[in-house]
Each structure stands twice: as C-alpha cells, then as structure tokens.
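> coords please:
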Amino acid sequence: MRTQPGRDDAVVQVAEKAVLLVSADCAALDSDVWYAEAFVELPARLAALADFEVDVANLLVAEANLLFVCAFDAEVFAEAGC
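Below you'll find the model as predicted:
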C-alpha cells in the first residue's frame with residue numbers, strides 16, 4: 001500500500017481522539033467483580049477525511065508559494081527597471 005506524507009499522520013491523530021477499546025474492572029464492596037468492555041468502530045471514510053485534510057494543507061502551501069513567487073517577481077522587475 002502506497003502512503004502519502006501527512007496522510008498517515010492525520011489518520012493517527014484522528015484515531016488517537018477516538019476510543020478504540022474501553023475496559024474497566026469494577027470491584028463492589030461484596031467482592032463481586034464486574035467486567036465491562038466496549039468497542040467503538042472508526043468511520044469507514046476515515047482515510048478519505050485524512051486525504052481531505054492533507055489536500056487543504058497542500059492548497060494553503062501552494063497559495064503561500066504563489067504569493068511568494070509574485071512578490072519575488074515584482075522585486076526582480078523593479079530592480080530591472082521594467
């Protein structure tokens with residue numbers, strides 16, 4: 001499986017916020033022990049959500065690069081006297 005930089009990080013961040021497994025042992029005063037376990041499934045579209053977050057981040061970087069290039073070009077033209 002091919003991975004993309006940033007995508008796996010986004011999936012891990014979302015997974016860390018989700019509760020994957022909750023288990024608790026409770027002891028009552030009369031020594032009875034109760035065991036509870038709950039499973040929470042992650043959304044099926046979790047990977048697509050991570051891709052969306054990475055795409056938004058890439059768009060912001062591209063816009064910042066565009067502004068930098070425009071400013072650099074303007075500086076070059078100003079120095080050249082155009």
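> And residue 61, what's its pLDDT?
pLDDT recorded at residue 61 is 78.
> Which strands or helices does the helix or strand it falls within pack on?
Using DSSP states H and E, residue 61 sits within helix 46-80. Helices and strands touching helix 46-80, by 3 or more C-beta pairs under 8 Å, 6 or more residues apart in numbering; DSSP states H and E, are helix 7-17. Just so you know, the C-beta spots here come from the backbone N, C-alpha and C atoms, and that holds for glycine as well.
> Where does pLDDT dip in the protein?
1-50, 82 (pLDDT under 70).
> at 50 instead, please
1-3, 11, 14-29 (pLDDT under 50).
> quick one, what contacts residue 81?
By C-beta atoms under 8 Å, 6 or more residues apart in numbering, residue 81 lies in contact with nothing.
> before we move on, what about residue 75?
So residue 75 contacts nothing (C-beta under 8 Å, 6+ apart).
> Quick check: it vs residue 68, distance?
Separation of residue 75 from residue 68 (C-beta to C-beta, to the nearest Å): 11 Å.
> Equivalent analysis for residue 76, please.
Per C-beta to C-beta, residue 76 is found 13 Å from residue 68.
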